[in-house]
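>>> Return atomic coordinates for the entry below.
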Amino acid sequence: MTNNDLDVRTLWERVKARLNLPAGQSLVRRASANASRRGVVEALLEVSMPADLHDWWSLADVRVDFWIPGGGDEFAPVDLDEAVETWKIWLQVADEEGQPAVDENGEAEPRFQPQYLPFAQSPGGDGLIIDLRPGTSYGAVFVWDHEQWGLREPLWASISAMLQDVAVTLERETGGSPGPHQGV
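Numbers count the residues shown, from 1 in each chain. Prediction:
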């Protein structure tokens, strides 16, 4: 795999070319975030974002319908401001829960962490998050279940890996080239 294989812009173009837009449906796009806005968010979260996450937020033409698969649900991308608002709400909920509860094994139950940044939402209120904590899962994509809290296994190692997987799946399903109602 070359660096170009995981280039966010190239991968998004592959995904975008194969997403079906039902007849009569208007296309809504997520707002992009410039470098300055992304820097403000990094300062707020007190972390640095991986390069591919910067690239993701810089895309100006990302559809906001439910096209990202994950954990048995579909997710719609949100813009950076909505991601920050969701982040604040989920942190507030975690704070309001007080001290972490203890499970049957005496382990602290997981809480939403300041280093988790949501970037997509399901219709039921769950989210896809990027883990920005230092370590082996830095940059990985997880489902955050708003009712069952905690991270399971990562769905993808990165935003780039997610887009690569979605692109390959859509290309396989559509036979490789966009049809008359595909593309954006």
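
>>> Below-threshold pLDDT in the chain: ranges please.
1-5, 20-26, 98-109, 176-184 (pLDDT under 70).

>>> Strands of that one, start to end?
Counting by DSSP state E, the chain has strands at residues 68-70, 73-77, 116-121, 127-131, 141-144.

>>> Quick one: closest of those strands to residue 89.
Closest of the strands of the chain to residue 89 is strand 116-121, at 9.7 Å (criterion: CB to CB). To be clear about C-beta, it is placed using only N, CA and C from the backbone, and glycine gets the same treatment.

>>> rewinding a little: can you put the strands of the chain in JSON lines and add mean neighbour count and distance to residue 43?
JSON lines is the format used below for the strands of the chain (neighbours: other CB atoms under 10 Å; distance: least, CB to CB, whole Å):
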{"stretch": "strand 68-70", "mean neighbour count": "19", "distance to residue 43": "27"}
{"stretch": "strand 73-77", "mean neighbour count": "18", "distance to residue 43": "23"}
{"stretch": "strand 116-121", "mean neighbour count": "24", "distance to residue 43": "13"}
{"stretch": "strand 127-131", "mean neighbour count": "25", "distance to residue 43": "17"}
{"stretch": "strand 141-144", "mean neighbour count": "23", "distance to residue 43": "22"}
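
>>> got a markdown table for those strands, with distance to residue 154 too?
Shown next, in a markdown table, are those (distance: least, CB to CB, whole Å):
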| stretch | distance to residue 154 |
| --- | --- |
| strand 68-70 | 11 |
| strand 73-77 | 15 |
| strand 116-121 | 12 |
| strand 127-131 | 7 |
| strand 141-144 | 5 |
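
>>> the helices in the chain, which residues?
8-16, 35-45, 51-58, 80-96, 159-174 (DSSP state H).

>>> would you turn those into TSV with mean neighbour count and distance to residue 152?
Converted to TSV, those look like this (neighbours: other CB under 10 Å; distance: least, CB to CB, whole Å):
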stretch	mean neighbour count	distance to residue 152
helix 8-16	19	24
helix 35-45	14	22
helix 51-58	20	20
helix 80-96	16	17
helix 159-174	19	16
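
>>> Any idea which of those helices gets closest to residue 64?
Across the helices of the chain, closest to residue 64 is helix 80-96 (CB to CB), at 9.5 Å.
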